[in-house]
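Novice: Provided below are the primary sequence and the corresponding predicted coordinates.
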Amino acid sequence: MVDLNAQHVVNRTLGASERTTILEVFKCISAAGLIVVFLLSSAWIRGDILTIQYQIETLTRNNRELREANDLLTAELNTLAAPAEIERVAGELGLISSNNESVLFMKGDEPMPTQRQVAQSQIMPGVLHE
């Protein structure tokens, strides 16, 4: 026996079930489309993240190599700027160290010589090489 009081009866007009089916299909297609768009966008973003991580690693490696080169150049500069190295290179070029008598110290408060004064200066005869 069927209890009609417990059943829920819905009266639909003719053709209404077809529209409901099309609406349900559209909802399912829309939901599937949104899921696909979400998955594609997340894959795209992940690819961008991997590309940026690779660029960061490359730049970090380049930075480390440049720092090592900078350290080597600083060490070379310190070696070449050492007084003993300067004296050795000057000796190879034929330069000699001067004695204190032939060195003229200029004070900063004295005016600079003019062009005419420089042109009138005389070369003192003497030994250039000891």
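Specialist: Yes, it's here.

Novice: can you tell me the helix or strand for residue 97?
Specialist: Applying DSSP states H and E as the criterion places residue 97 outside every helix and strand.

Novice: and it, what pLDDT?
Specialist: At residue 97, the pLDDT value in this model is 74.

Novice: same check on residue 23?
Specialist: Confidence score, pLDDT, at residue 23: 84.

Novice: report the longest helix in this structure, please.
Specialist: Looking across the chain with DSSP state H, the single longest helix is helix 16-80.

Novice: now residue 93. Its backbone dihedrals?
Specialist: phi -80, psi 0 (degrees, to the nearest 10).

Novice: could you identify the helix or strand that succeeds the longest helix of the chain?
Specialist: Assignment by DSSP H and E places the next element after helix 16-80 at helix 83-92.

Novice: distance of residue 36 relative to residue 28?
Specialist: Residue 36 sits 13 Å away from residue 28 when distances are taken as C-beta to C-beta, to the nearest Å. To be clear about C-beta, it is placed using only N, CA and C from the backbone, and glycine gets the same treatment.

Novice: and the longest helix of the chain with helix 83-92, angle?
Specialist: 60 degrees (axes from the mean of the first three to the mean of the last three C-alpha atoms, to 10 degrees).

Novice: quick one: low-confidence parts of the chain?
Specialist: Segments of the chain classed as low confidence (criterion: pLDDT under 70) are 1-20, 99-130.

Novice: can you do 80?
Specialist: 1-21, 96-130 (pLDDT under 80).

Novice: can you count the residues close to residue 85?
Specialist: Using other C-beta atoms under 10 Å, residue 85 has 12 neighbouring residues.

Novice: leaving out the residues flanking it, which one is nearest to it?
Specialist: Nearest residue to residue 85, sequence neighbours excluded (C-beta to C-beta, 6 or more residues apart in numbering): residue 79, at 6.2 Å.

Novice: any idea how far residue 88 is from the one you found?
Specialist: Distance from residue 79 to residue 88, by C-beta to C-beta: 11 Å.

Novice: same check, this time on residue 48
Specialist: Applying C-beta to C-beta, the value for residue 48 to residue 88 is 57 Å.
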